[in-house]
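> mind folding the following:
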Amino acid sequence: MTHLEHEMQQLKAEILEMSQLVSQQMKDSMLSLAKMDKQLAIETLATEKQVNAMELKIDRTCEGIFALYNPVAQDLRLVLAQLRINYNLEKIGDVAASVSKFVKKSFLFDYSSLIENTHALQMFEEANDLLIDVMTSFEKEDAELAKNILKRDKALNQQNDQARAYIIDQIKKDPENVEEYLKMLSLVRKLERAGDQSKAIAKEIIFFVEAKIVKHASQKTFDNI
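I've put the predicted structure just below:
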């Protein structure tokens, strides 16, 4: 094994380790929301520092590979893809952290009905499933599985639209609590964004496996690939 191959193998292991950490962060954050458990939310927020530290470590590893080995062709695509995947994983971690902060700061208002009727927990679970599956496609270098992620993201978009419509209706009925409804609306939107981040990772996998750039492709294109 060459030095470059060793470094590339190590980089991939670091990316997979970070994805597992972020996935666990998502699970813990979802549980804190389900139970409105402030203590668990506080504990989950501690994971954010680990995720941020790993992001910086992976960035440095990528920079070192560029500087020392000047990779080309598929190796170059793989390093570039992993640099961007690293960024998107950190953003998914930010979503989990935001939800934990929401739980930590919640006090008198009862969010249980909103959580149930916006299907926030189902959105959370779907977002984490997308993350797990897209990182499986990365580990296996499976472009077909990555393409399937692009199609599955539509379900989260639809749930987000339905949740927004429900919250707007509640605001009309109960304008005195508009601030709380808007907080929930922001949370749901962030869960939808977590799905977008997994979709972005899927595009990077297609990029390095098939050398196809689909970053700005339309949804119709995704449905047909």
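> just the pLDDT for the nearest residue to Val99 once chain neighbours are set aside.
Leaving aside its sequence neighbours, Val99 sits nearest to Ser29 (C-beta to C-beta, 6 or more residues apart in numbering; 4.6 Å). No exception for glycine: its C-beta is placed from N, CA and C like everyone else's. Looking at Ser29, its pLDDT stands at 97.
> element containing Ser29?
According to DSSP states H and E, Ser29 maps onto helix 3-35.
> what's that helix packed up against?
When contacts are defined as 3 or more C-beta pairs under 8 Å, 6 or more residues apart in numbering; DSSP states H and E, helix 3-35 sits against helix 38-69, helix 73-105, helix 120-140.
> turn those into CSV, columns for mean neighbour count.
Below are those laid out as CSV (neighbours: other C-beta atoms under 10 Å):
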stretch, mean neighbour count
helix 38-69, 16
helix 73-105, 20
helix 120-140, 20
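> count of neighbours near His3?
Per other C-beta atoms under 10 Å, the neighbour tally for His3 reads 10.
> on that earlier part again, tabulate the helices and strands packed on helix 3-35 in CSV, adding columns for distance to Ser113 and mean pLDDT.
Output for these, formatted as CSV (distance: least, C-beta to C-beta, whole Å; pLDDT from 0 to 100):
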stretch, distance to Ser113, mean pLDDT
helix 38-69, 19, 94
helix 73-105, 16, 95
helix 120-140, 11, 96
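> could I get the ones you listed as TSV with distance to Gln24?
Shown next, in TSV, are the helices and strands packed on helix 3-35 (distance: least, C-beta to C-beta, whole Å):
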stretch	distance to Gln24
helix 38-69	7
helix 73-105	9
helix 120-140	9
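> now do the buried residues in the helix holding Ser29.
Buried positions in helix 3-35, judged by neighbour count with 16 or more other C-beta atoms under 10 Å: 7-8, 11, 14-15, 18-19, 21-23, 25-26, 28-33.
> any idea how far the residue nearest in space to the middle of the chain is from Ile132?
In the chain, the residue lying closest to the centroid (C-alpha atoms, centre = their mean) is Ile92, at 3.2 Å. Distance, Ile92 to Ile132, by C-beta to C-beta, to the nearest Å: 11 Å.
> and Leu191, by the same measure?
Look at Leu191 and Ile132: by C-beta to C-beta, they are 15 Å apart.
> show me the contacts for the residue nearest to the centre of the chain.
Ile92 makes contact with Val22, Met26, Ala127, Leu131, Ala194, Gln197, Ser198 under the criterion C-beta atoms under 8 Å, 6 or more residues apart in numbering.
> what residues of stretch 149-159 count as buried?
Quick answer for stretch 149-159 (16+ other C-beta under 10 Å): Ile149, Leu150, Arg152, Asp153, Leu156, Gln159.
> for the first one, what is the enclosing helix or strand?
Here Ile149, judged by DSSP H and E, is contained in helix 143-173.
> quick check: Leu33 touching Lys104?
No - taking contacts as C-beta atoms under 8 Å, Leu33 lies outside contact range of Lys104: 10.8 Å.
> chain center to stretch 80-92, what's the gap?
Relative to its chain's centre, stretch 80-92 lies at 9 Å (C-alpha atoms, centre = their mean, to the nearest Å).
> so which elements touch the helix or strand where Lys203 lies?
Using DSSP H and E, Lys203 sits within helix 178-210. Counting contacts by 3+ C-beta pairs under 8 Å, 6+ apart, helix 178-210 packs against helix 73-105, helix 112-117, helix 120-140, helix 143-173.
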